[in-house]
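Undergrad: Mind looking at a prediction? Sequence and model below.
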Protein chains: 2
Amino acid sequence: MVEPYSLSLAEMIARIRQKKLSPLTLMESVLKRIDSVDPLIQAWVTVDRKGILKEARIRRDEISRGQTRGLLHGIPIGVKDIFYTAGMKTTAGSKVMEDFVPSYDSAAVQRLKKAGAIVLGKTATTEFAHADPAPTRNPWNQEHTPGGSSSGSAAAVATCMCPAALGSQTGGSVLRPAAYCGVVGLKPTYGRVSRYGVFPFSWTLDHVGFFTRSVADAAILLGVLAGYDPQDPSSSKEPVPNYIQLGRPGRKRLCIGLVRAFYGEKSERQVWSHTEKIMAKLEKAGARIAEVEMPPSFAAAQDAHRTIMRVEGAAFHEKLFEQHQEKYRPKLRELVQIGMLIPGVDYLRAQTIKRLFRREMEPVMQKYDCLLTPSTSSPAPGGLASTGNPWFQVPWSLSGLPTIHLPSGLSEEGLPLGIQLIGGTFEEGKLLAIARWCEKVLQFSLFPQVG
Amino acid sequence: MVEPYSLSLAEMIARIRQKKLSPLTLMESVLKRIDSVDPLIQAWVTVDRKGILKEARIRRDEISRGQTRGLLHGIPIGVKDIFYTAGMKTTAGSKVMEDFVPSYDSAAVQRLKKAGAIVLGKTATTEFAHADPAPTRNPWNQEHTPGGSSSGSAAAVATCMCPAALGSQTGGSVLRPAAYCGVVGLKPTYGRVSRYGVFPFSWTLDHVGFFTRSVADAAILLGVLAGYDPQDPSSSKEPVPNYIQLGRPGRKRLCIGLVRAFYGEKSERQVWSHTEKIMAKLEKAGARIAEVEMPPSFAAAQDAHRTIMRVEGAAFHEKLFEQHQEKYRPKLRELVQIGMLIPGVDYLRAQTIKRLFRREMEPVMQKYDCLLTPSTSSPAPGGLASTGNPWFQVPWSLSGLPTIHLPSGLSEEGLPLGIQLIGGTFEEGKLLAIARWCEKVLQFSLFPQVG
């Protein structure tokens, strides 16, 4: 018999609805999985066993009375430890916040709970979602980084400790750990999901995103999380379609734009040749592949992103840093110290480049159903001192365009490889449909053997 | 017989409609007035006599055929020389731009022309709308400043060289020259009038505004200028009411909030005692007067404003300044040089204070129909080396709230005094109605004897 913990989100939902699986049984299975796997992986910083078993019992009793709270009734979900959780520690991976217990839930957690989900626990994050690593290890090889900053969420989903987990991306913090750990990672359009109650890093770049083990599961979760929130004025009033009922992707013959500029040159040899093999498979399955000409502002995207992140990061941390300098780890410390010195005119110029890049990407996105790049320049690097390089994800954090990572193979060392698909503004529905089609064509579904 | 140039905007409109006044006769009268007065006042930098007489002839012929282009058919309007005018020099009061001829009109000028107005010419501005003075002199005493940066527009309207003129305000550049020259000056809500095609100074503080000799005329002009413009993404989609048909102001008994904090302390003795006399008159006429408790962020408004203005000003001028440093006058030069050095975190903190101040002013504005302060801390100062101090207008440029200046008396030296009324966001209609009521109560209408 299949262990309940290993089911996909969609399967868990179906079995609970059909009363083939009790929320309590599921939770017990998940906790057993955590006990067996997490000592090695270290994905979790907080798991309130007593609290969640109580919640699972309530959900079980409700469903036995024919009551369900919503789509995610009784489903355990992991939450990156920068999302406020009422009554549950939220450390942001920092000594400064080690005893912080919020009095309210972040908007994303509110939505999960309203849909009936149970917050399984808080997952490890780099310090304040920057670059000082969490203790989490890569499920495929524990001497390699799982990526960051959403390290724990990606590793927990990869090892079936939960079917889905929240993360966030300012530079590359959803797509990169998704790629290194070999799971699906979605970063929706800027403004698609409320960031209310999430520790900010760089508020004009911060996105809420998440991890699942299939595209179908990502569609389910996005439907729960997406939508306007008056508590986050930057969240969008764009209507939220039904992502679960995904139709055929785009036009008759799917047109995918390959981004060779920057990506071709910066990719490890095996990464680029893998990408070319994937393109060939997609072409053979009926897609039209074309090389994309990137607009001039693309070349300025990395620098602009760094300037914005440093200045806004420093602005957010300024006071805390003054009071708790000794508790800051080296990478965030450096970011704050550099960020404090950057002139406002440089910041404004970077914001101008960001707006220009967004504008210049619009006609590009109209020419293709989606763009495609390798998700990372290499498989997960060895060592735990760095969470890897965000440069392959950075342009899309800057542009605000939605991106999804799809695992598509293994490297020579047996580490996950995958592709990053980039969609048009608020076109997550189409992006998910394309990703599902690619998932079917590529037929790659492999998870690490742990525990 | 009354000279046509001295008519109000409303009277000019009525007489042209009724064919009692030909647009050509009006234009000839206005040009004669300019010839007689402007050598002393120096309000104009460009007056294209040939062009405007031709336009006036066309308007005359149209109306004799029963055609009118719009509300302002044949009306001559002055335009501050930072508004782009297609085919007409736009120098921004700067040597850098002395030969610049735009190929298109600013949105405000487009709207004037569409309503049938004739751009009479370009009025003198301080250098790039900052603080290095224009040659314009105060119509009441030519040894005193007319205020700035919209110096020419205020002085031209005060001396009946035109019935109305466009200006702009980043710190105090509409209300202050209106006060020093003794005319009505309106700065609408941030976003109410498009800034497309206007030289920016500090784009999160810049407002288009204008000068007239009565509140009724201000209502006419606002109706022409207000409204969303896709070319200026910061312009608002808020519906534009009919400002001309102003009802009774606000609630049954008008409630006016006097701002004593800062204003009481910084006002010259005669200014504050004049303000108190005005309050007494308004109270006697039926208004309820109460002292306003200002929110904590009010105390931080001046500093926040300065930081934003310096950084955005420097960002706009950075490249031009590199190329043309020797053409910059001392005050703008200093602003750019200081602005280049201000850290981004200070800029972001200032923007945070701005947002806080806007938010904290909301409940205050709900308690009163409008606020009232003296418009300036003193009458127009002597000398032409400075355009005076913007501190009385600055909080409202930062808050984005609409303000109107109403002349209300003369100082000991015979210079204009007046009051600044502050309204709620996008409540220009109510603000104009209150101002018109005050205008009636105060019965002050005096213009300088020049020419």
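TA: Thanks, I have it. Since the structure is predicted, the reported quantities are computational estimates derived from the model, not experimental observations.
Undergrad: make it CA atoms for all contacts and neighbour counts henceforth
TA: Will do.
Undergrad: phi, psi of residue A:258?
TA: In terms of degrees, to the nearest 10, the main-chain angles of residue A:258 are phi -90, psi 130.
Undergrad: burial count for it?
TA: 23 (other C-alpha atoms under 10 Å in any protein chain shown).
Undergrad: Can you tell me how far it is from residue A:91?
TA: Distance of residue A:258 to residue A:91, computed by C-alpha to C-alpha, to the nearest Å: 39 Å.
Undergrad: and if you look at residue A:391?
TA: For residue A:391, the distance to residue A:91 equals 27 Å [C-alpha to C-alpha].
Undergrad: Between those two, point out the one with more neighbours.
TA: The neighbour count for residue A:391 versus residue A:91, taken as other C-alpha under 10 Å, is higher for residue A:91 (27 against 20).
Undergrad: my guess is residue A:346 contacts residue A:307, does it?
TA: Yes - the pair residue A:346 / residue A:307 is scored as a contact, 7.4 Å apart, by C-alpha atoms under 8 Å.
Undergrad: any residues in contact with both of those two?
TA: Contact criterion C-alpha atoms under 8 Å, 6 or more residues apart in numbering or on different chains; residues shared by residue A:346 and residue A:307: none found.
Undergrad: what ranges do the strands span in the stretch 101-250 of chain A?
TA: A:118-123, A:164-169, A:184-187, A:207-212 (DSSP state E, counting those that start in this stretch).
Undergrad: Is it possible to get JSON lines of these that adds mean neighbour count?
TA: What follows is the strands of the stretch 101-250 of chain A, written out as JSON lines (neighbours: other C-alpha atoms under 10 Å in any protein chain shown):
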{"stretch": "strand A:118-123", "mean neighbour count": "27"}
{"stretch": "strand A:164-169", "mean neighbour count": "30"}
{"stretch": "strand A:184-187", "mean neighbour count": "32"}
{"stretch": "strand A:207-212", "mean neighbour count": "30"}
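Undergrad: Relative to residue B:407, which of the ones you listed is closest?
TA: Smallest distance to residue B:407 across the strands of the stretch 101-250 of chain A (C-alpha to C-alpha): 51.2 Å, for strand A:207-212.
Undergrad: Check which helices and strands that closest one is in contact with.
TA: Applying 3 or more C-alpha pairs under 8 Å, 6 or more residues apart in numbering or on different chains; DSSP states H and E, one finds that strand A:207-212 contacts helix A:151-158, strand A:164-169, strand A:184-187, helix A:215-225.
Undergrad: Let me see the mean pLDDT of the third one.
TA: Same thing as strand A:184-187. Strand A:184-187 comes out with an average pLDDT of 98.
Undergrad: Just checking: what are the partner strands of it?
TA: strand A:207-212 (antiparallel), strand A:403-410 (antiparallel) (DSSP bridges).
Undergrad: which is the next helix or strand following the longest one?
TA: Once strand A:403-410 ends, the next helix or strand along the chain (criterion: DSSP states H and E) is strand A:416-422.
Undergrad: Give the next helix or strand downstream of that next one.
TA: From strand A:416-422, the next helix or strand downstream (DSSP H and E) is helix A:428-442.
Undergrad: Please identify the buried residues of that next one?
TA: A:428-439, A:442 (16 or more other C-alpha atoms under 10 Å in any protein chain shown).
Undergrad: Show me which of these is closest to residue B:398.
TA: So of the buried residues of helix A:428-442, ranked by how close each gets to residue B:398 (C-alpha to C-alpha), first place is residue A:428, at 37.7 Å.
Undergrad: From residue A:190, how far out is the closest one?
TA: Counting by C-alpha to C-alpha, the gap from residue A:428 to residue A:190 is 11 Å.
Undergrad: Show me the common contact partners of these two, please.
TA: With C-alpha under 8 Å, 6+ apart as the test, residue A:428 and residue A:190 both reach residue A:402.
Undergrad: Find the nearest non-adjacent residue to the residue in chain A positioned nearest to chain B, please.
TA: Proximity of chain A to chain B (C-alpha to the nearest C-alpha) peaks at residue A:344, 3.5 Å away. Counting by C-alpha to C-alpha, 6 or more residues apart in numbering or on different chains, residue B:344 is the residue found nearest to residue A:344 once chain neighbours are left out, at 3.5 Å.
Undergrad: Now name the helix or strand holding residue A:25.
TA: Using DSSP H and E, the element containing residue A:25 is helix A:23-41.
Undergrad: I'd say the residue nearest to residue A:344 and residue A:345 touch.
TA: Yes - counting by C-alpha under 8 Å, residue B:344 does reach residue A:345; the two are 7.2 Å apart.
Undergrad: Of those two, give the one with the bigger neighbour count.
TA: Neighbour comparison, residue B:344 and residue A:345: the larger count goes to residue B:344, with 28 against 24 (by other C-alpha under 10 Å).
Undergrad: Give me the pLDDT for that one.
TA: At residue B:344, the pLDDT recorded in the model is 98.
Undergrad: Kindly report the same for residue A:1.
TA: 69.
Undergrad: Also residue A:435?
TA: Value for residue A:435, per-residue pLDDT: 97.
Undergrad: isn't it right up against residue A:217?
TA: No - using C-alpha under 8 Å, residue A:435 is not in contact with residue A:217, being 11.8 Å away.
Undergrad: where does the stretch 201-350 of chain A dip in pLDDT?
TA: Within the stretch 201-350 of chain A, the ranges that satisfy pLDDT under 70 run A:247-251.
Undergrad: Spell out which residues of it are next to chain B.
TA: Contact residues, the stretch 201-350 of chain A versus chain B (C-alpha under 8 Å from any C-alpha of the partner chain): A:311-312, A:314-315, A:339-349.
Undergrad: for those residues, which one is nearest residue B:151?
TA: Nearest to residue B:151 out of those is residue A:345 (C-alpha to C-alpha; 28.7 Å).
Undergrad: Which helix or strand contains that closest one?
TA: Under the assignment here (DSSP H and E), residue A:345 is part of helix A:344-367.
Undergrad: Following the chain onward from that helix, which element is next?
TA: strand A:370-374.
Undergrad: So which bits of that next one are buried?
TA: A:370, A:371, A:372, A:373, A:374.
Undergrad: Could you dump the residues you listed into a markdown table with pLDDT and distance to chain B added?
TA: A markdown table is the format used below for those (pLDDT from 0 to 100; distance: C-alpha to the nearest C-alpha, whole Å):
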| residue | pLDDT | distance to chain B |
| --- | --- | --- |
| A:370 | 98 | 27 |
| A:371 | 98 | 28 |
| A:372 | 98 | 31 |
| A:373 | 98 | 32 |
| A:374 | 98 | 34 |
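Undergrad: Output these in CSV; the columns should cover distance to residue A:266.
TA: Output for the buried residues of strand A:370-374, formatted as CSV (distance: C-alpha to C-alpha, whole Å):
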residue, distance to residue A:266
A:370, 21
A:371, 17
A:372, 15
A:373, 11
A:374, 10
